[in-house]
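Visitor: fold the following, please.
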Amino acid sequence: MAETPVIHVLNGPNLNLLGVREPDIYGRDTLADIEQRCVKAAEGASVVFRQTNHEGVLVDWIQEAREGADALIINPAAYGHTSVALHDALKTLSIPVIELHLSNPAAREAFRHHSYVSSAATGVIAGFGAAGYELAVQAALTKVRERG
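Guide: Sure, this is the predicted structure:
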């Protein structure tokens, strides 16, 4: 672990539209608002915060985290329900992985009930809206500290 822990926070498709896309489900916070919440919750740890609409870019960033991160938080969005590639990339990591969802997929449409990411994650946080990101950062820091 680096002297200052590094947490990568990766965001999948359509999360760039937070604040305007279905705010009754995803809330009114923008992704920039959520990034600020993560930095504050990180208590001085370094936060690398990214978003893409492209599955392959997420895979590249997950692979990058193998060398540059002490923990990874991922909101895979819809890719969580479809991407074996994300699952396989996450399985290469030896750092804590937190899967995160703004809404509770289990309380939504049936196709959202399965996540390929969950079986590769250390833990899952879902249904707490933007506050879930703060919970994920706190959980990631706890896991990093436990590992020493």
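Visitor: can we go C-alpha only for contacts and neighbour counts from here?
Guide: Fine.
Visitor: for the chain, what are the low-confidence residue spans?
Guide: In the predicted model, the chain carries pLDDT under 70 at residues 1-2, 107, 109, 111-113.
Visitor: secondary structure element for the residue lying closest to Gly44 once chain neighbours are set aside?
Guide: Here the nearest residue to Gly44 in space, its sequence neighbours aside, is Thr4; by CA to CA, 6 or more residues apart in numbering that works out to 7.6 Å. No secondary structure element spans Thr4, as it lies outside all helices and strands (assigned by DSSP states H and E).
Visitor: now for Thr4: which residues touch it?
Guide: Counting by CA atoms under 8 Å, 6 or more residues apart in numbering, Thr4 makes contact with 44-46.
Visitor: please type out the PyMOL selection for whichever of these turn out to be buried.
Guide: To isolate the buried members of the contacts of Thr4 in PyMOL, using 16 or more other CA atoms under 10 Å:
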select buried, resi 45+46
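Visitor: quick check, nearest of the contacts of Thr4 to Thr92?
Guide: Top of the list for closeness to Thr92, among the contacts of Thr4 and by CA to CA, is Ser46 at 22.0 Å.
Visitor: do you know how far the nearest residue to the closest one once chain neighbours are set aside is from Tyr26?
Guide: Counting by CA to CA, 6+ apart, the nearest residue to Ser46 once its immediate chain neighbours are dropped is Val6, at 4.7 Å. In this structure, Val6 and Tyr26 are separated by 27 Å, where distance is defined by CA to CA, to the nearest Å.
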